[in-house]
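> here is the input, now give the coordinates:
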Amino acid sequence: MPRDQRYLLAISGGRDSVAMLHAIWHAGYHKLVLCHLNHGLRGDESDDDAHLVRQLAEAFDLPFELGHTDVPARMKEKKESMELAARRSRHTFFAKCSNIHNCSRVLLAHHADDQAETILHNLLRGSAGLSGMPFSNQLQIPPAPGAPEQPLQLLRPLLHIRRSEINLYLDHHKLNYREDSSNREAITTRNRLRLKAIPMLNDIMDRDIAVSILRAHEISNAQQQAIHAILNEQNLFDPQGRIFLPKLRQLPEALQLSAIHQYLKNKKVPDLSQDVIARCHSLINDPNTAKVNLPGGYHFQRKEKRLFVTPSQPSH
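Below is the predicted model:
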């Protein structure tokens, strides 16, 4: 990451984001904007979080953006889970900060233990492969009225750092941070994995399973890169970017599934599970099926020896 660029730094006031701020500042990244969102979930505790972040902004002489949202109201209105409503509220807030500061780069404090939890969570949900968080990815947020459309680049500089290393760093530098009491409550799926499932698996296996999960993820990534290289040599797409079915049929089934998964991922289709990929794969040989419903309001369909994605509701 270039040191002379500006970055939005998502900071909750908790141990991970406070450690990231301290470490990245002392690594020479001084063009930072601290961005803190009050989710409306923890009453006075949230006010104390914001107070600490404001103190940090003053101590480091950095711009500070404070936002407020009502996650419970959004959950009710949008029929979303708490995790999804909170995440989408944060993304909307980051987009607002991006427009204010003309900066699309957002630093997030996800670390290696978060990565292991994400991989395990996705695996249990039926994801296609050992999918986790990338170091960098782009996120398209619907712009506010009158605002330019600009994708956010999410960056995770701590993704290879273990939680234990972060704790040692905080102790060594005697850094103050806020403890989020909700992190100790086994309510959300992620919290239940962190607080119950992973400790139990550690006990059963008599080892730190995060090490094995992260190693398996690295191996899976290397294998996926090799598969993508093979697929890129097959010239599977027509000039309009649609999959040419006769060429796809010539591949082994495993490569057919990987080609469909890669294509849907490039088309930004969300929540790609093994079941979704299998249903899409049925279009290759099932003459009675010409269209498959996809998550996110899309269809995958076959027409004139082509496979392609279309929106469920054509835009007008």
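> list the contacts for Y169?
Neighbouring residues of Y169 by CB atoms under 8 Å, 6 or more residues apart in numbering: 19, 22-23, 175. C-betas here are computed from N, CA, C, even on glycine.
> for I187, same thing?
Taking CB under 8 Å, 6+ apart, one finds M82 in contact with I187.
> hmm, try it at 10 Å
82-83, 195 (CB atoms under 10 Å, 6 or more residues apart in numbering).
> tell me the pLDDT of the most centrally placed residue in the chain.
Closest residue to the average C-alpha location of the chain: M133 at 5.5 Å, with CA atoms, centre = their mean. M133 is assigned 91 on the pLDDT scale.
> name the helices or strands packed onto the lowest-mean-pLDDT helix or strand in the chain?
Within the chain, no helix or strand scores below helix 71-78, which has a mean of 83 by mean pLDDT, DSSP states H and E. Applying 3 or more CB pairs under 10 Å, 6 or more residues apart in numbering; DSSP states H and E, one finds that helix 71-78 contacts helix 82-101.
> quick one: mean pLDDT for the helix it packs on?
87.
> give the other helices and strands that that helix contacts.
Using 3+ CB pairs under 10 Å, 6+ apart: helix 82-101 touches strand 7-10, strand 32-38, strand 64-68, helix 71-78, strand 105-107, strand 136-139, strand 152-155, helix 189-192.
> repeat that for 8 Å
strand 7-10, strand 32-38, strand 64-68, helix 71-78, strand 152-155 (3 or more CB pairs under 8 Å, 6 or more residues apart in numbering; DSSP states H and E).
> which stretches of the chain form helices?
Under the criterion DSSP state H, the chain contains helices at 15-26, 44-60, 71-78, 82-101, 112-125, 163-173, 189-192, 198-205, 209-232, 245-249, 253-266, 274-281.
> by mean pLDDT, show me the worst of the ones you listed.
Among the helices of the chain, helix 71-78 has the lowest mean pLDDT, at a mean of 83.
> what sits closest to R184 if chain neighbours are left out?
L195 (7.2 Å; CB to CB, 6 or more residues apart in numbering).
> would you agree the residue nearest to the centre of the chain is in contact with H160?
No: taking CB atoms under 8 Å as the definition, M133 is not a contact partner of H160, at 11.3 Å.
> grab the nearest non-local neighbour of K196.
In this structure, K196 finds its nearest non-sequential neighbour in A186, 5.7 Å apart by CB to CB, 6+ apart.
> quick one: the closest residue to A27 other than its chain neighbours and H26, what's the gap?
Nearest non-adjacent residue to A27, counting by CB to CB, 6+ apart: R3, 7.7 Å away. Look at R3 and H26: by CB to CB, to the nearest Å, they are 12 Å apart.
> same check, this time on A10
From A10 to H26 the distance is 19 Å (CB to CB).
> shared neighbours of R3 and H26, anything?
By CB under 8 Å, 6+ apart, no residue touches both R3 and H26.
> still on that earlier bit, tell me how many other residues crowd the residue nearest to R184.
15 (other CB atoms under 10 Å).
> isn't it up against A186?
Yes: in this structure L195 lies within contact range of A186 using CB under 8 Å: 4.8 Å.
> L248: what's it in contact with?
Each residue near L248 by CB under 8 Å, 6+ apart is listed here: 236, 256, 259, 284, 307.
> which one of those residues is nearest to H36?
Nearest to H36 among the contacts of L248 is A259, at 42.4 Å by CB to CB.
> run through the residues that contact that closest one.
231, 234, 236, 243, 248, 251.
> quick check: closest non-adjacent residue to the first one.
What it means is L231. Nearest non-adjacent residue to L231 (CB to CB, 6+ apart): A259, at 5.3 Å.
> how about the fourth one?
Spatially, and ignoring its direct neighbours in sequence, I243 is nearest to L307 (4.0 Å; CB to CB, 6+ apart).
> how about the contacts made by L154?
Residues in contact with L154 (CB under 8 Å, 6+ apart) are 106, 108, 136-139.
> and the pLDDT at it?
L154 is given a pLDDT of 95.
> look up how far A19 lies from it.
With distances taken as CB to CB, L154 is found 18 Å from A19.
> ok, back up a step: can you lay out the contacts of A259 as TSV showing distance to V292?
Below are the contacts of A259 laid out as TSV (distance: CB to CB, whole Å):
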residue	distance to V292
L231	20
Q234	22
L236	18
I243	13
L248	15
L251	19
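> now the buried members of these.
Listed as buried from these are 231, 236, 243, 248, 251; burial here means 16 or more other CB atoms under 10 Å.
> kindly indicate which of these lies nearest A290.
Nearest member of the buried ones among the contacts of A259 to A290, counting by CB to CB, is I243, at 14.2 Å.
> what sits opposite the closest one in the beta ladder?
F237, L307 (DSSP bridges).
> for it, give me its contacts.
Neighbouring residues of I243 by CB under 8 Å, 6+ apart: 236-237, 259-260, 263, 306-308.
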